[in-house]
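J.: here is my input; please provide its structure:
(one chain, ligands or ions: 3)
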Amino acid sequence: MSEVPGHSPAPRRVRVHHLREAKERGERLTMLTAYDAPTAQVFDEAGTDVLLVGDSLGDNFYGYSTTVPVTVDQMIHHTRAVTGAVRRALVVADLPFGSYEASPVHAHATAVRLMKEAGAHAVKFEGGRRVAPHVELLTGSGIPVMGHLGFTPQSENVLGGKRVQGRGQEAAEHLTEDALALQEAGAFAVVLEMVPAPLAAQVTEVLTVPTIGIGAGAQCDGQVLVWPDMAGLSDWSPRFAKAFGDLRGALGAAVTAYNAEVRSGAFPADEHSFDN
Ligand SMILES: Nc1nc(=O)c2c([nH]1)NC[C@@H]1CN(c3ccc(C(=O)N[C@@H](CCC(=O)O)C(=O)O)cc3)CN21
Ligand SMILES: CC(C)C(=O)C(=O)O
Ligand SMILES: [Mg+2]
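T.: Ligands and ions are numbered 1, 2, ... in the order given. Model prediction:
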């Protein structure tokens, strides 16, 4: 392959088997949500391993109060934006509420749309042993699947709120069995959301595929955050999130300066204007 001057060569793409190899080497995996092309490009260039087009775009992009109203068509639009912008990262798309639960065939039909129409490299959906047959059909059909256990926001109305899952001996055993069922069905990784850190550490040790934690302590093989939480853009974030920047402050300062310069006439200056 010849290199075009001024263009860096395409980096080696992250594939699902690389995540398992990283776990074997003891390397931590980084994952972030992304909902649009420019942020996906920034995260990809910064070396983020996995970009999740999360159904969290419901609250973080559309301003809904939950992820429940998100549609497959919305997921397709955003996933296409993200896959078109990345060169290295693995792009995983969430299957939204109501688009996979009823049967493995239901999940397959939705996942095929995300791959064909949006270029997703893999899909993720919520649930344990109950969706193991769904995972098995998809992986057997060439669609890599990431599992999602613990607090599963699409089931908030059954779980009785946004709360930590897997507390107590029985619940911990149940969650461990769910994780093993997903792995056995072919899942290439499992997200653990709001799980006690010691339980997440135990599941991480038991599984050969990587665990990716969010509110699940430091012993998971990787971490994921919703990007506006990570960047300090959200007006509210869960306790488990950390803001690594102050995008809300930076954006507020930029728009305040813009408004002031338009009102004072300082913008546009000559260099922003055209001669005859
Ligand atoms: N901005 C954002 N960050 C997220 O992590 C996130 C979303 N949105 N949307 C989709 C799901 C929903 N998630 C959520 C939403 C709310 C809580 C929450 O209310 N947590 C409380 C109490 C938790 C407890 O102590 O049991 C908190 O104060 O953090 C947690 C996770 C995680 N995901
Ligand atoms: C929080 C992550 C794991 C997610 O499912 C989402 O962003 O939708
Ligand atoms: Mg999600």
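
J.: hey, let's count contacts and neighbours off CA atoms from now on
T.: Fine.

J.: write out the residues of the protein neighbouring ligand 3.
T.: By Cα under 5 Å from the ion, the residues of the chain that approach ligand 3 are 54-55.

J.: buried residues in the helix or strand of the chain with the lowest mean pLDDT?
T.: Here the helix or strand of the chain ranked lowest by mean pLDDT, DSSP states H and E is helix 156-159, holding a mean of 93. Across helix 156-159, burial judged by 16 or more other Cα atoms under 10 Å covers no residue at all.

J.: just confirm Gln223 is within a strand.
T.: Yes. Using DSSP: H, G, I helix; E, B strand; the rest coil, the secondary structure at Gln223 is a strand.

J.: what bridges to it?
T.: Taking DSSP bridges as the rule, Gln223 bridges to Thr30, Gly213.

J.: ok so, going back, figure out how far the least confident helix or strand of the chain is from the centre of its chain.
T.: 21 Å (Cα atoms, centre = their mean, to the nearest Å).

J.: list the helices and strands whichever helix or strand comes after that helix packs on?
T.: Note on helix 156-159: by DSSP states H and E, the next helix or strand toward the C-terminus is helix 169-185. The helices and strands touching helix 169-185, judged by 3 or more Cα pairs under 8 Å, 6 or more residues apart in numbering; DSSP states H and E, are helix 132-140, strand 145-150, strand 189-193, helix 197-206.

J.: just the pLDDT for the closest residue to Gly128 other than its chain neighbours.
T.: Excluding its sequence neighbours, the residue lying closest to Gly128 (Cα to Cα, 6 or more residues apart in numbering) is Asp178, at 4.5 Å. Asp178 carries a pLDDT value of 98.

J.: so which residue is dead centre in the protein?
T.: Nearest to the mean C-alpha position of the chain, by Cα atoms, centre = their mean, lies Leu52 at 2.6 Å.

J.: three-state assignment of it?
T.: Relying on three-state DSSP, one would call Leu52 strand.

J.: list the contacts for it?
T.: Leu52 sits next to 31-34, 91-94 when contact means Cα atoms under 8 Å, 6 or more residues apart in numbering.

J.: tabulate those residues (TSV), appending pLDDT.
T.: Putting these into TSV (pLDDT from 0 to 100) gives the following:
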residue	pLDDT
Met31	98
Leu32	99
Thr33	99
Ala34	99
Val91	98
Val92	98
Ala93	99
Asp94	99
